[in-house]
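Colleague: quick check, what structure comes out for this input:
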Amino acid sequence: MNKTVKKAWSIVSIIIVVIVVLCAVFLMGSRIMGYRVFNVLSGSMAPQYNVGDLIYVKETDPKNVQVGDPITFVLNEDLVVATHRVVRIDAENSHFYTKGDANETVDSTPVHFKNLIGVPQFAIPKLGYVLDFIQNPPGMYITIGAGIILVVLVFLPDIINKKKT
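Modeller: Reported below is the predicted structural model:
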């Protein structure tokens with residue numbers, strides 16, 4: 001392999017590794033910093049959170065939540081998770097009343113304090129599509145295959161050079 005090709009290959013390899021590491025940090029490393037990551041699946045909170053966005057949620061005490069805050073919570077027994085804005089708090093009965101920003105009416109069921117997951121801190125637009133793709137087949141298989149190919153290609157120049165000597 002000539003020097004120009006080796007240098008170009010080295011630069012491309014480094015760029016690919018940096019992109020993979022950044023994706024891993026945004027998708028998985030956030031747990032280390034105390035965030036739970038959720039993919040936005042509906043437009044009920046548009047325009048603040050759109051379908052395909054990833055929201056990063058920090059656990060919080062229900063006493064710290066105020067009217068107007070968006071909260072992420074367990075919606076029902078099927079463990080469906082939702083993010084809506086608090087429109088009223090009933091501290092006596094430990095309930096939040098919520099409404100999606102894009103919805104016309106307040107949600108029919110109040111959210112019990114114990115169902116609170118936390119408060120969204122920030123969102124990354126469209127990264128939820130990537131997360132959804134790599135967590136489900138066939139994207140999972142493509143991602144694993146691409147990872148194996150990347151590892152092979154990173155070491156390919158060394159393998160070729162060893163065979164020549």
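
Colleague: name the residues of stretch 89-109 that are buried.
Modeller: Within stretch 89-109, the residues scored as buried using 16 or more other Cβ atoms under 10 Å are I89, H95, F96, Y97, T98, K99, G100, N103, D107. From N, CA and C alone the C-beta is placed, and that goes for glycine too.

Colleague: quick one: contacts of that stretch?
Modeller: 42-48, 62, 65-67, 71, 73, 75-76, 84-88, 110-114, 116 (Cβ atoms under 8 Å, 6 or more residues apart in numbering).

Colleague: out of those, which are buried?
Modeller: 44-45, 48, 62, 65, 71, 73, 75, 84-86, 110-111, 113, 116.

Colleague: returning to that earlier point: what would the buried residues of stretch 89-109 look like in JSON lines with pLDDT, distance to L131 and secondary structure?
Modeller: Listed next are the buried residues of stretch 89-109 as JSON lines, based on pLDDT from 0 to 100; distance: Cβ to Cβ, whole Å; DSSP: H, G, I helix; E, B strand; the rest coil:
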{"residue": "I89", "pLDDT": "98", "distance to L131": "31", "secondary structure": "strand"}
{"residue": "H95", "pLDDT": "98", "distance to L131": "31", "secondary structure": "strand"}
{"residue": "F96", "pLDDT": "98", "distance to L131": "27", "secondary structure": "strand"}
{"residue": "Y97", "pLDDT": "98", "distance to L131": "30", "secondary structure": "strand"}
{"residue": "T98", "pLDDT": "98", "distance to L131": "24", "secondary structure": "strand"}
{"residue": "K99", "pLDDT": "98", "distance to L131": "26", "secondary structure": "strand"}
{"residue": "G100", "pLDDT": "98", "distance to L131": "21", "secondary structure": "coil"}
{"residue": "N103", "pLDDT": "97", "distance to L131": "25", "secondary structure": "coil"}
{"residue": "D107", "pLDDT": "96", "distance to L131": "26", "secondary structure": "coil"}
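
Colleague: and which of those residues is nearest to I142?
Modeller: In terms of Cβ to Cβ, no member of the buried residues of stretch 89-109 lies closer to I142 than G100, at 33.1 Å.

Colleague: nearest residue to that closest one other than its sequence neighbours?
Modeller: Excluding the flanking residues, the one nearest G100 by Cβ to Cβ, 6 or more residues apart in numbering is S44, at 3.1 Å.

Colleague: pretty sure the one you found sits against P70.
Modeller: No: at 10.8 Å, S44 does not count as touching P70 under the criterion of Cβ atoms under 8 Å.
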